[in-house]
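> Kindly generate the corresponding structure for this input.
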Amino acid sequence: MKRYVRLADIKLDFPVCFEYEVVWGDMDAFLHVNNVVYFRYFESARMRFFEMTGIDAYRTSVGIGPILGATSCKYIRPVTYPDRLWSAARYQEGSLEEDRFVMDNIVYSEEYEQPVAVGSAEVVFYDYKNLCKASIPEHLRSQIEGH
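Here you go, the predicted model:
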């Protein structure tokens with residue numbers, strides 16, 4: 001992933017980018033935001049992406065939709081309360097396969113004026129009724145690639 005310094009550049013490259021206020025309860029005994037919380041930031045951005053592309057509506061209507069195959073996070077700098085973060089997500093160009101694709105994630109801190117975490121998620125399409133992988137329909141493939 002390209003190295004980002006400015007929030008404005010992240011907002012240009014990521015179709016989903018939203019604010020999140022760090023709350024005291026996000027921190028752990030080491031007085032920084034707990035590592036698990038970053039996966040919530042990623043998840044919230046991923047869910048907004050699913051809403052924007054129609055993936056969530058498709059899941060609701062036919063029972064076929066996304067499930068995580070893998071997810072990762074690289075922590076760049078610890079975050080503490082108070083801070084305002086921006087969580088961003090996008091489709092990783094060229095990653096679309098028959099039944100899966102990869103998303104990039106980034107979390108930017110206003111306090112530090114730089115990214116504090118980057119990650120990725122492998123999203124697999126899954127048939128929740130038949131409990132098996134499923135192909136991504138063509139109309140969603142174009143929406144995914146378009147975002």
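
> Look up phi and psi at the residue lying closest to W86 once chain neighbours are set aside.
Distance criterion Cβ to Cβ, 6 or more residues apart in numbering; nearest residue to W86, sequence neighbours excluded, is Y108 at 4.3 Å. All C-beta spots, glycine's among them, are computed from the backbone N, C-alpha and C. Phi and psi for Y108, reported as degrees, to the nearest 10, are phi -110, psi 140.

> in stretch 118-135, what's buried?
Judged by neighbour count (16 or more other Cβ atoms under 10 Å), stretch 118-135 contains these buried residues: V118, G119, S120, A121, E122, V123, V124, F125, Y126, D127, A134.

> Closest one of those to E145?
Of all the buried residues of stretch 118-135, E145 sits closest to V123, with 13.4 Å by Cβ to Cβ.

> Enumerate every residue touching the closest one.
Contacts for V123 (Cβ atoms under 8 Å, 6 or more residues apart in numbering) come out as R46, P66, I67, L68, G69, R100, F101, V102, M103.

> I'd assumed S120 was in contact with the fourth one.
This points to L68. No - taking Cβ atoms under 8 Å as the definition, L68 is not a contact partner of S120, at 10.8 Å.

> hey, what's R100 bridged with?
Taking DSSP bridges as the rule, R100 bridges to V124.

> Please give me every residue in contact with it.
G69, E122, V123, V124, F125, I136.

> what helix or strand is the first one on?
Meaning G69. In this assignment (DSSP states H and E), G69 forms part of strand 64-75.

> still on that earlier bit, let me see the confidence value for the residue nearest to W86.
With respect to pLDDT, Y108 scores 98.

> For it, grab the count of nearby residues.
Residues lying near Y108 (other Cβ atoms under 10 Å) number 26.

> Can you tell me how far it is from E97?
With distances taken as Cβ to Cβ, to the nearest Å, Y108 is found 29 Å from E97.

> do N105 as well
19 Å.

> Grab the longest helix from this protein for me.
Secondary structure of the chain per DSSP state H: the longest helix is helix 35-53.

> quick one, what contacts L68?
Counting by Cβ under 8 Å, 6+ apart, L68 touches A121, E122, V123, V124.
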